[in-house]
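>>> Sharing a sequence plus its predicted fold:
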Amino acid sequence: MVPVGLLLLPLLLALLAGARLLWGQWKLRSLHLPPLVPGFLHLLQPNLPIYLLGLTQKLGPIYRLRLGLQDVVVLNSKRTIEEAMVRKWVDFAGRPQIPSYKLVSQHCEDISLGDYSLLWKAHKKLTRSALLLGIRNSMEPWVEQLTQEFCERMRAQAGAPVTIQKEFSFLTCSIICYLTFGDKEETLVHAIHDCVQDLMKTWDHWSLQMLDMVPFLRFFPNPSLWRLKQALENRDHIVEKQLRRHKESMVAGQWRDMVDYMLQGVGRPREGEGPGQLLEGHVHMSVVDLFIGGTETTAITLSWAVAFLLHHPEIQQRLQEELDRELGPRASGARVPFKDRARLPLLNATIAEVLRLRPVVPLALPHRATRRSSIFGYDIPEGMVVIPNLQGAHLDETVWEQPHEFRPDRFLGPGANPCVLAFGCGARVCLGEPLARLELFVVLVHLLRAFTLLPPAGALPSLQPYPYCGLNLKMQPFQVRLQPREAEAPGLGSASDQ
């Protein structure tokens, strides 16, 4: 017989949750808050960023809605996002400490999910220094080398349909492996790649999203929660093994890769950076952030770029003409260094347009108000969760002409609007933005110089993302034929051939 207490537990938890919601609303009664959208099930809407943008027609660019038991404020325009994240960044630099975040950060608070503090700032500074200073002179050559090897593998499959997102995913994982661990050994790359895939798939499950919105659900059985814990154990085992290897072979004052640099930067007090000190656990979570934030995000963006170019062969042809004009014959070893990327204005404009239309993390990660503040004249109480709708801001008709159209030329010429928020802005701007922009530039230069992108049997990929996504804006799987350009017949790859 089931004990009466167990039967009453769900009712008791529901009553407590309801009381908490009512108490929260009562505390806010005297504030001038953004308008509230009725309902509780907004997270179930397909194409959530577009749905949230649609609500602005009646409510304006800033409003509140309920996600489970919590009110959140949604920002849907460039002006509201920049007011909060740039001009008032100190007020909105926090992160909500929700159950899945705490679980994923179990080893030590990480950069992406960790709450704002002086120690968090020191952690971010160390990781950014490792990325931009520790490997400054070797990052671009490594990306170039691995991209050339990627193109050679693709050349071996010339003309055959290729599942390009999977190939990009292995490439970006190889780059992160090399920069972080100084190792591109295939077994390690595959192990880390599979780990990241498993972790992201499990973390995106709807039952874990519900747990974040209704925390008392943690008292009930949840198979996805168990799978997430298993994926995290596997993640930590891989990272700890690499950290041990580095500590055993490291030479003081020298660094071979980012892990060497970071390990030599922890364990000592830092003047002016608050209580506590950086520990090996912080290096552990920096590595996790680099792989989670730097593998699939860049691979998905590259895949969206290929999909748009398959739909717009005239843009692809203009890009190849630009490359040929700047780099000469395809057989030459000429290259455009990233610092000279302005020599390829159309390529830069194409990357900007892909990032505008398909920001890979369209709702960013949620922010938390660290103190009472305001946005657009509305009061924002301390602790309020704020969600920047980056994709919504990129589709704002008051800023962008024909915002849903793929038009790289909007970023060319005088008066072009260069502001794309795909990597966020302010204190929480994506740590890996410099690396991601380098990868997008280098990979597309090599790919478009070496190949013409063609749809297999004329089957163009869908440009619509999966309607129900987690953190990343996922796309429908598709294939592409990579036709070596030296093998092209006259006119191959022109719009008439599509």
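Looks like it came in fine.

>>> would you list every one of the strands in the chain?
62-67, 70-75, 161-162, 367-368, 373-375, 378-380, 385-388, 451-454, 480-484 (DSSP state E).

>>> To A231, which of these lies closest?
With C-beta to C-beta as the measure, strand 62-67 is the member of the strands of the chain nearest A231 (24.2 Å). All C-beta spots, glycine's among them, are computed from the backbone N, C-alpha and C.

>>> centre of the chain versus the helix ranked longest in the chain, how much separation?
For the chain, the longest helix by residue count, based on DSSP state H, is helix 223-249. Offset of helix 223-249 from its chain centre (C-alpha atoms, centre = their mean, to the nearest Å): 21 Å.

>>> re the thing from before, let me have the strands of the chain in a markdown table, extended by mean neighbour count.
Output for these, formatted as a markdown table (neighbours: other C-beta atoms under 10 Å):
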| stretch | mean neighbour count |
| --- | --- |
| strand 62-67 | 20 |
| strand 70-75 | 23 |
| strand 161-162 | 18 |
| strand 367-368 | 24 |
| strand 373-375 | 20 |
| strand 378-380 | 19 |
| strand 385-388 | 24 |
| strand 451-454 | 21 |
| strand 480-484 | 20 |
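
>>> Mean pLDDT and distance to K241 for those strands - can I get that in CSV?
Formatted as CSV, the strands of the chain follow (pLDDT from 0 to 100; distance: least, C-beta to C-beta, whole Å):
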stretch, mean pLDDT, distance to K241
strand 62-67, 92, 38
strand 70-75, 93, 38
strand 161-162, 94, 32
strand 367-368, 95, 34
strand 373-375, 96, 44
strand 378-380, 97, 44
strand 385-388, 96, 36
strand 451-454, 95, 37
strand 480-484, 95, 35
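
>>> could I get the ones you listed as JSON lines with distance to D183?
Formatted as JSON lines, those follow (distance: least, C-beta to C-beta, whole Å):
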{"stretch": "strand 62-67", "distance to D183": "41"}
{"stretch": "strand 70-75", "distance to D183": "41"}
{"stretch": "strand 161-162", "distance to D183": "26"}
{"stretch": "strand 367-368", "distance to D183": "35"}
{"stretch": "strand 373-375", "distance to D183": "45"}
{"stretch": "strand 378-380", "distance to D183": "45"}
{"stretch": "strand 385-388", "distance to D183": "36"}
{"stretch": "strand 451-454", "distance to D183": "28"}
{"stretch": "strand 480-484", "distance to D183": "27"}
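
>>> of all the ones you listed, which lies closest to G114?
Using C-beta to C-beta, the strands of the chain put strand 367-368 closest to G114, at 11.5 Å.

>>> Can you give the contact residues for the closest one?
Under the contact criterion C-beta atoms under 8 Å, 6 or more residues apart in numbering, strand 367-368 has outside partners 84-85, 92-96, 115, 383-388, 428.

>>> low-confidence ranges in the stretch 351-498 of the chain?
415-418, 487-498 (pLDDT under 70).

>>> ok, now the stretch 101-250 of the chain?
107, 134, 216-218.

>>> all helices for it, in order.
For the stretch 101-250 of the chain, applying DSSP state H, counting those that start in this stretch gives helices covering 118-129, 139-155, 164-181, 186-203, 206-213, 223-249.

>>> Quick one: closest of these to G265.
Nearest of the helices of the stretch 101-250 of the chain (C-beta to C-beta): helix 118-129, 4.9 Å.

>>> quick one: the helices in the stretch 251-400 of the chain?
So, for the stretch 251-400 of the chain - with DSSP H, counting those that start in this stretch - the helices run 258-263, 280-294, 296-311, 313-327, 345-357, 390-394.

>>> ok, back up a step: which neighbouring elements make contact with the longest helix of the chain?
helix 99-104, helix 186-203, helix 206-213, helix 258-263, helix 280-294 (3 or more C-beta pairs under 8 Å, 6 or more residues apart in numbering; DSSP states H and E).

>>> Tell me the buried residues in stretch 146-154?
Neighbour-count burial for stretch 146-154 flags 146-147, 150-151, 154 (criterion: 16 or more other C-beta atoms under 10 Å).

>>> now it, how far from the chain's geometric center?
24 Å.

>>> hmm, back to that, what angle do helix 164-181 and the longest helix of the chain make with each other?
Relative orientation of helix 223-249 versus helix 164-181 (axes from the mean of the first three to the mean of the last three C-alpha atoms, to 10 degrees): 40 degrees.

>>> Buried residues in helix 223-249, which are they?
Those buried within helix 223-249 under the rule 16+ other C-beta under 10 Å are 224-225, 227-228, 231-232, 235-236, 238-239, 242-243, 246.

>>> quick one: which two of those residues are the most distant?
Among these, S224 and H246 lie farthest apart (C-beta to C-beta), at 33.1 Å.

>>> rewinding a little: sort out which one of the contacts of strand 367-368 lies nearest S373 for me.
Nearest member of the contacts of strand 367-368 to S373, counting by C-beta to C-beta, is F92, at 7.0 Å.

>>> The buried residues of stretch 146-154 into JSON lines, with extra columns for distance to T56?
Converted to JSON lines, those look like this (distance: C-beta to C-beta, whole Å):
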{"residue": "L146", "distance to T56": "42"}
{"residue": "T147", "distance to T56": "40"}
{"residue": "F150", "distance to T56": "41"}
{"residue": "C151", "distance to T56": "43"}
{"residue": "M154", "distance to T56": "42"}
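
>>> ok, the residues you listed vs L347, which is closest?
Nearest to L347, judged by C-beta to C-beta, of these is T147 at 14.4 Å.

>>> Would you check how far apart the residue lying closest to that closest one once chain neighbours are set aside and F40 are?
Nearest residue to T147, sequence neighbours excluded (C-beta to C-beta, 6 or more residues apart in numbering): H446, at 4.9 Å. Distance, H446 to F40, using C-beta to C-beta, to the nearest Å: 48 Å.

>>> of these two, who's got more company?
More neighbours surround H446 than the other of H446 and F40, with 19 against 14 (other C-beta atoms under 10 Å).

>>> wait, what's in contact with the more buried one?
Applying C-beta under 8 Å, 6+ apart, the residues contacting H446 are 147-148, 150-151.

>>> How many neighbouring residues does the closest residue to D183 other than its chain neighbours have?
Distance criterion C-beta to C-beta, 6+ apart; nearest residue to D183, sequence neighbours excluded, is C177 at 5.8 Å. Neighbour count of C177, defined by other C-beta under 10 Å: 25.

>>> so what's C177 up against?
Going by C-beta under 8 Å, 6+ apart, C177 touches 183-184, 188-189, 192.

>>> same thing but 10 Å
146, 183-186, 188-189, 191-193, 242, 257, 290-291, 295 (C-beta atoms under 10 Å, 6 or more residues apart in numbering).

>>> can you tell me which two in the residues you listed are farthest apart?
The farthest-apart pair in the contacts of C177, when distances are taken by C-beta to C-beta, is E186 and L290, at 19.3 Å.

>>> the more surrounded of these two?
L290 (23 against 10).

>>> I'd say the more buried one and G432 touch.
Yes - the criterion here is C-beta atoms under 10 Å, and L290 meets it with G432 at 6.8 Å.
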